[in-house]
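> Curious how this folds, go ahead:
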Amino acid sequence: MSATKKILVLMVIFIMLAVSACNMPTGAPANNGSAPNNSAAPTATFTTIAPVFSATPITPSPTAAEACKPSVTTSVVANVRSGPGQVYNVIGSIPQGSSANVAGKSYDGTWWYIEFAAGTGGFAWVSSTVTTPNCIPTTLASIVAPPVPVVPATDMPTQVAAVPSATTVPSNGGPVIIKIPPVIILIKSPTPTKIKIIKIPPIILQPVSP
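Next comes the predicted model:
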């Protein structure tokens with residue numbers, strides 16, 4: 001058989017197969033001999049669950065900036081000193097009704113260690129008797145007091161010897177003259193001791209006639 005005849009035979013077979021496929025009955029697809037599946041499709045059931053939330057609002061805790069700071073408020077015009085006591089120098093004052101931040105206290109609790117720009121290191125002292133405390137914690141630090149200021153020594157004498165007075169008695173029965181030297185008085189003050197000299201005029205005693 002020639003090649004041309006073989007090609008013609010193959011084309012006829014292909015056409016016959018195509019026609020047979022078009023004439024096949026249509027319907028449900030074959031199940032390859034397995035039993036039909038009559039089970040119904042499962043129905044999904046949904047249940048709504050309400051979420052559980054607390055209706056109470058949560059209040060945030062105050063931040064460090066909003067927390068109450070230790071401070072004092074003055075009840076009068078208060079002197080501010082370099083140390084916890086009246087022996088220390090006054091370096092300024094706080095107006096009545098004004099406040100100052102507190103950084104510590106004296107060991108006996110009678111003076112407050114406050115923030116004050118004119119003080120040493122930006123701190124100074126104010127008495128608790130002229131202030132009202134605010135938000136003072138029990139753990140407030142006790143601050144060591146600075147050295148007590150010393151009054152400078154001077155070369156002035158601390159004691160003056162008594163000088164006897166000079167008495168003149170005339171031989172002719174005239175008046176008696178008593179000369180008293182100047183009196184030196186020492187005056188105490190917070191500043192170096194001052195000396196005051198007082199001059200006393202002579203005392204003249206007139207003779208009495210018999």
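> hey, let's count contacts and neighbours off CA atoms from now on
OK.
> How is the chain partitioned into domains?
Split into domains by automatic domain parsing, the chain comes to 71-134, 166-205.
> tell me, which of these is the model least confident about?
Mean pLDDT values for the domains of the chain show the minimum at domain 166-205, a mean of 63.
> Tell me how many other residues crowd the residue lying closest to residue 141 once chain neighbours are set aside.
Of all residues not flanking residue 141 in the chain, residue 104 sits nearest, at 4.9 Å (C-alpha to C-alpha, 6 or more residues apart in numbering). Using other C-alpha atoms under 10 Å, residue 104 is surrounded by 23 other residues.
> What values do phi and psi take at residue 104?
phi 180, psi -170 (degrees, to the nearest 10).
> surely it meets residue 112?
Yes. The criterion here is C-alpha atoms under 8 Å, and residue 104 meets it with residue 112 at 6.1 Å.
> ok so, going back, on the strand side of things, show who the residue nearest to residue 141 bridges to.
For residue 104, the beta-bridge partners are residue 113 (DSSP bridges).
> is it true that residue 71 touches residue 133?
Yes. At 6.0 Å, residue 71 counts as touching residue 133 under the criterion of C-alpha under 8 Å.
> Looking at the two, which one has more neighbours?
Just comparing residue 71 and residue 133: by other C-alpha under 10 Å the higher neighbour count belongs to residue 71, 21 against 16.
> Just list the residues touching that one, thanks.
Residue 71 sits next to 99, 100, 101, 102, 133, 134, 135, 136 when contact means C-alpha atoms under 8 Å, 6 or more residues apart in numbering.
> beta partners of it?
Beta-bridge partners, per DSSP bridges, of residue 71: residue 101, residue 134.
> measure it to residue 98 for me?
10 Å (C-alpha to C-alpha, to the nearest Å).
> ditto for residue 4
Distance from residue 4 to residue 98, by C-alpha to C-alpha: 123 Å.
> More neighbours: which of the two?
Taking other C-alpha under 10 Å, residue 4 and residue 98 do not tie; residue 98 has more neighbours (14 against 8).
> In contact with that one, which residues?
Residues near residue 98 by C-alpha under 8 Å, 6+ apart: 73, 74.
> wait, isn't residue 102 in contact with residue 72?
Yes. Taking contacts as C-alpha under 8 Å, residue 102 lies within contact range of residue 72: 6.8 Å.
> what kind of secondary structure is residue 7 in?
Of the three states, residue 7 takes helix under DSSP: H, G, I helix; E, B strand; the rest coil.
> and what of residue 201?
Going by three-state DSSP: residue 201 is coil.
> Count the residues that sit near it.
A count of neighbours around residue 201, defined by other C-alpha under 10 Å, yields 11.
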